[in-house]
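**Student:** here is my input, please return the structure:
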Amino acid sequence: MHHPAYPSATYVPPHRLRLAAAWAALLLAGSAGAAQGTIKLNQVGFLPAAQKLAVVAGDAQARFEVVDAASGKQVFEGSLAGAGTWDASGERVRLADFSALRAPGNYRLRVAGLPESAPFAIKPGVYRELDIAALRNYTLNRSGIALTPAVAGPYARPLAHPDTGVLVHASAASKARPAGTVLSSPKGWYDAGDYNKYIVNSGISTYTLLAAYEHFPEWFAKLPLNLPESGNGLPDLLNETLWNLDWMLTMQDPNDGGVYHKLTNKSFDGMVMPEKATAPRYVVQKTTAATLDFAAVMAAASRVLAPFDSQQPGRSARYLAAAESAWRWAEANPKVLYAQPADIQTGAYGDGSVDDEFAWAAAELLISTGKAAYRTHAFAHAGAAAKGTEPGWADVGMLGWISLAQHGKRLPAGVDAAPVRKQLLANGDRLVERWRASPYRVTMGSKDFVWGSSSVILNQAMMLVAAYRVEPKPDYLDAAQSALDYVLGRNGPGMSFVTGFGQRSPMHPHHRPSEADGIEAPVPGMLVGGPNPGQQDAKDCPAPYPSKLPALSYLDHVCSYASNEIAINWNAPLVYVAAAVESLQR
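**Tutor:** Modelled structure (predicted):
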């Protein structure tokens, strides 16, 4: 969860603290080096036909060359673009464009007077291992399962949080289920660096993975994830989403259709392995937002999993019935907003408006049921001025746009998705305009450097992909590629924000298993939150942030829940965008 406070009574092994402090010192030195001049690019690499850009600090240089990483032999040279200052980082930079280099190989970029860039590859399938690791991160963050060495390798761990004896909190009490009632609510994913499970954040995360499969099934058919369920006739991506869908179903009260907001301890656990976190767990308050997010996801899951009903007959019908039951509860309870109980201190995921949740749920139900009764709500978001350019857990209306554009032919007679397609293209054009104007050639502005900024740019990329799938303008795909480039190294700190990928990547994410397991390397494939000038954790951190500038405000230290935590809703668009770039780039 995106923590409001770092637990004060946490234990971090001393050797990990020493390593974290050393890495923080390196990061500080690195940020100073950035001012002197470095080359920043995607440290994983590029597909042969993709746009390929690097950022070069300073404005004195005129030329660049790409060299073979092993021999140092020049394979390409070009002129740097004109210099510009990125207000988000205060850097004066120039762009190197080597898109014309398509020959597979391993390379570095070289500019006279500067250190060579990190190595990168150009090859088909360059993001395959990244996508596998980003998806397996969900497996490694499963609740209620013993992860064996055969599945998890060095990250194996015993069963934790079976959640078969969860208590109904007073805030969630009803006549049929009074406070203290014992429920069974197993499975699901740990939300982030903590061990709790939240319906609101599960909503956007699970939908994004379902959409990734729905849009790019051929890509995911070729991605073996080595799951406990692998080989059961279902694509592994869907097997993984089922682990969370099964949990979400248990969060619906069968007596009325309402959905509990979260399953949680009363306070955050210390920095321990999950099997050491044994505090009592509760389901907390039913809310309109959670119930609508649930309805949207179950409606989407019903149609995505329908072709696989022979594996579990009746599954898709059960999902759709659960979605419609949730919708009825939300219609009868349209403004039940989450209010954190006094004795609960874990993440709130509070939301002051649920108009977007109504629109998203109605869109998914309209598509999956064909019932015109959902039409008005489904298109309400498309008729309103967009509040931003990308979705997030608190603003899910654009997710409905993606589904309506995908399934125009499934809509009832007389219902046209044209208004949504128009909105998608207008949104894509806004993002492309920002991208073209940016000295770093990214869609992010200074205001986008918030908690989870890495996911902001990837969700922007998901919207660019949605626009591209309506009208395949190269700029849409190039701007989406730039988002992937950003999280993999073309950013202010000049590092990959995905653990285990790139020459320089996070070593101390705010993720309890990675800090408590005694293994030096963190769990791979996790996207950290990224630069966040809010620095909400500064008072809790023994190391200072290297900068207050938005794009440089990042700290690779376990203390930094504001810039270095991980979360399921951040990894989901990474999975989606990597798949999209691989599938759409020709």
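**Student:** in stretch 138-157, what's buried?
**Tutor:** 138-145, 147, 151-152, 155, 157 (16 or more other C-beta atoms under 10 Å). For glycine as for every other residue, the C-beta is placed from the backbone atoms N, C-alpha and C.
**Student:** surely F358 meets A330?
**Tutor:** Yes: judged on C-beta atoms under 8 Å, F358 makes contact with A330 at a distance of 7.2 Å.
**Student:** sec struct for V581, please.
**Tutor:** helix (DSSP: H, G, I helix; E, B strand; the rest coil).
**Student:** show me the contacts for it.
**Tutor:** 47, 50, 127, 477, 480-481, 484 (C-beta atoms under 8 Å, 6 or more residues apart in numbering).
**Student:** count of residues packed around S230?
**Tutor:** Other residues near S230 come to 13 when the count uses other C-beta atoms under 10 Å.
**Student:** kindly report the same for L411.
**Tutor:** Counted with other C-beta under 10 Å, the neighbours of L411 add up to 18.
**Student:** doesn't V336 make contact with T287?
**Tutor:** Yes: counting by C-beta under 8 Å, T287 touches V336, with 5.3 Å between them.
**Student:** who has more neighbours out of these two?
**Tutor:** Neighbour count, other C-beta under 10 Å: between T287 and V336, T287 has more, with 30 against 19.
**Student:** for that one, what are its contacts?
**Tutor:** Contacts of T287 by C-beta under 8 Å, 6+ apart are 259, 261, 336-338.
**Student:** the same query, at a cut-off of 7 Å, please.
**Tutor:** Contacts for T287 (C-beta atoms under 7 Å, 6 or more residues apart in numbering) come out as 261, 336-338.
**Student:** adding distance to M462, pLDDT and secondary structure, write those residues out as TSV.
**Tutor:** Shown next, in TSV, are these (distance: C-beta to C-beta, whole Å; pLDDT from 0 to 100; DSSP: H, G, I helix; E, B strand; the rest coil):
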residue	distance to M462	pLDDT	secondary structure
H261	25	98	strand
V336	29	98	coil
L337	27	98	coil
Y338	26	98	coil
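**Student:** farthest pair within the contacts of V581?
**Tutor:** By the measure C-beta to C-beta, Y127 and L477 form the most distant pair in the contacts of V581, at 13.9 Å.
**Student:** ok, G90 - how many residues close by?
**Tutor:** Counted by other C-beta under 10 Å, the residues lying close to G90 total 15.
**Student:** V66 contacts N106, doesn't it?
**Tutor:** No: V66 is beyond contact range of N106, at 10.8 Å (criterion: C-beta atoms under 7 Å).
**Student:** who wins on neighbours among the contacts of V581?
**Tutor:** Highest neighbour count within the contacts of V581: A480, with 32 neighbours (other C-beta under 10 Å).
**Student:** doesn't that one fall inside a strand?
**Tutor:** No: counting by three-state DSSP, A480 is not found in a strand; it is helix.
**Student:** contact partners for it?
**Tutor:** A480 neighbours (C-beta under 7 Å, 6+ apart): 461, 464-465, 577, 580-581.
**Student:** swap in 8 Å and give it another go.
**Tutor:** 461-462, 464-465, 468, 577, 580-581.
**Student:** could the residues you listed go into TSV alongside pLDDT and secondary structure?
**Tutor:** Shown next, in TSV, are the contacts of A480 (pLDDT from 0 to 100; DSSP: H, G, I helix; E, B strand; the rest coil):
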residue	pLDDT	secondary structure
A461	98	helix
M462	98	helix
L464	98	helix
V465	98	helix
Y468	98	helix
V577	98	helix
A580	98	helix
V581	98	helix
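**Student:** residue contacts, I367?
**Tutor:** Counting by C-beta under 8 Å, 6+ apart, the residues that I367 touches are 299, 303, 403-404, 407, 410-411.
**Student:** dump the contacts of T287 to JSON lines, plus distance to K222.
**Tutor:** Listed next are those as JSON lines, based on distance: C-beta to C-beta, whole Å:
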{"residue": "H261", "distance to K222": "37"}
{"residue": "V336", "distance to K222": "43"}
{"residue": "L337", "distance to K222": "43"}
{"residue": "Y338", "distance to K222": "40"}
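**Student:** who wins on neighbours among the residues you listed?
**Tutor:** H261 leads the contacts of T287 on contacts (other C-beta under 10 Å) with 31 neighbours.
**Student:** so what pLDDT did Y6 get?
**Tutor:** pLDDT, Y6: 31.
**Student:** all strands of the protein, in order?
**Tutor:** Remark: strands assigned in the chain by DSSP state E are 39-40, 45-46, 53-57, 63-68, 74-79, 84-86, 91-97, 105-110, 120-122, 166-168, 182-183, 197-198, 260-264, 282-286.
**Student:** what packs against the fourth one?
**Tutor:** Contact here means 3 or more C-beta pairs under 8 Å, 6 or more residues apart in numbering; DSSP states H and E; on that basis strand 63-68 packs against strand 74-79, strand 105-110.
**Student:** make a markdown table out of these and add mean neighbour count and distance to A322.
**Tutor:** A markdown table is the format used below for those (neighbours: other C-beta atoms under 10 Å; distance: least, C-beta to C-beta, whole Å):
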| stretch | mean neighbour count | distance to A322 |
| --- | --- | --- |
| strand 74-79 | 14 | 55 |
| strand 105-110 | 19 | 49 |
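**Student:** mind putting those into a markdown table with distance to K266?
**Tutor:** Converted to a markdown table, the helices and strands packed on strand 63-68 look like this (distance: least, C-beta to C-beta, whole Å):
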| stretch | distance to K266 |
| --- | --- |
| strand 74-79 | 58 |
| strand 105-110 | 51 |
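**Student:** what's the closest of those to G530?
**Tutor:** Between G530 and the helices and strands packed on strand 63-68, the shortest separation by C-beta to C-beta is 22.7 Å, and it involves strand 105-110.
**Student:** okay, the angle between that closest one and strand 74-79?
**Tutor:** Angle, strand 105-110 to strand 74-79, by axes from the mean of the first three to the mean of the last three C-alpha atoms, to 10 degrees: 40 degrees.
**Student:** can you spell out which helices and strands pack onto strand 105-110?
**Tutor:** Counting by 3+ C-beta pairs under 8 Å, 6+ apart, strand 105-110 packs on strand 63-68, strand 120-122.
**Student:** now it: how far from the chain's centre is it?
**Tutor:** Remark: strand 105-110 is offset 29 Å from the chain centroid, using C-alpha atoms, centre = their mean, to the nearest Å.
**Student:** what is the neighbour count of N226?
**Tutor:** N226 has 13 neighbouring residues, counting by other C-beta under 10 Å.
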